[in-house]
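K.L.:
below: sequence and its predicted model.
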Amino acid sequence: MKFRPEIYGMIAVTGLLTGCMSYPPAEKAVTLQQFDSASEAAGQKRAAAFANGFAQALKNGDFSLWQTQMPEHVKSRVNAGIFARMREELTGMFGEFESGRYLGSLQNRDLRDHLWVLRFKKDGNVREIIYLVRIFRNEKGLPEISGFGVKRSL
């Protein structure tokens, strides 16, 4: 089997981002609410703001562009140093970030996974990965981010 450093690097990045998705148990269990048409639109808007903040920060190296879109439970786990390592890992593997585009969403009961394609260029070659933002609707009917991460596309 041929050694492929981009696969092992992606595992490292995924592990880093997965760490962002692991939160200590809440004092009170969250009861997920069903989405209606208004909350679907609000959830997509919330996910887009978060993903666009990440894309802008990735492009410019300015963590504050993403940080302003983070909910408190993410802010407490991702700081400028962690973001710098994420960015270094991604750009080291895939090249310079060029753009992102919304791909669509997947429904999984009372969760929505909003997907973006992030486009990079390295050595004249285009490389794309999937960026996911998971949304749920809380007891008050508001969309909240429950997690996020990247996955290399096939």
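P.N.:
Cool, got the structure.
K.L.:
flag every buried residue along the longest helix that the chain contains.
P.N.:
The single longest helix within the chain, with elements called by DSSP state H, is helix 37-60. Of all the residues in helix 37-60, those buried under the rule 16 or more other Cβ atoms under 10 Å are 39-40, 42-44, 46-47, 50-58. Where you see a C-beta, it was placed from the backbone N, CA and C, and this is true even at glycine.
K.L.:
residues in contact with the residue nearest to residue 143 when sequence neighbours are not counted?
P.N.:
Once flanking residues are discounted, residue 143 sits nearest to residue 43: 3.6 Å by Cβ to Cβ, 6 or more residues apart in numbering. By Cβ atoms under 8 Å, 6 or more residues apart in numbering, the contact list for residue 43 reads 35, 112, 114, 135, 137, 143.
K.L.:
can you pick the most crowded of those residues?
P.N.:
residue 135 (26 neighbours; other Cβ atoms under 10 Å).
K.L.:
can you tell me the SS state at residue 31?
P.N.:
Of the three states, residue 31 takes coil according to DSSP: H, G, I helix; E, B strand; the rest coil.
K.L.:
OK, contacts around it?
P.N.:
residue 139.
K.L.:
where's it relative to residue 56, distance?
P.N.:
In this structure, residue 31 and residue 56 are 33 Å apart, going by Cβ to Cβ, to the nearest Å.
K.L.:
what does residue 140 give?
P.N.:
When residue 140 is compared with residue 56 (using Cβ to Cβ), they lie 28 Å apart.
K.L.:
do residue 144 as well
P.N.:
From residue 144 across to residue 56, the span is 21 Å (Cβ to Cβ).
K.L.:
residue ranges with poor pLDDT in this protein?
P.N.:
Flagging of the chain using pLDDT under 70 yields the residue ranges 1-30, 153-154.
K.L.:
so which residues of it form helices?
P.N.:
Remark: helices assigned in the chain by DSSP H are 5-21, 37-60, 64-67, 72-75, 80-94.
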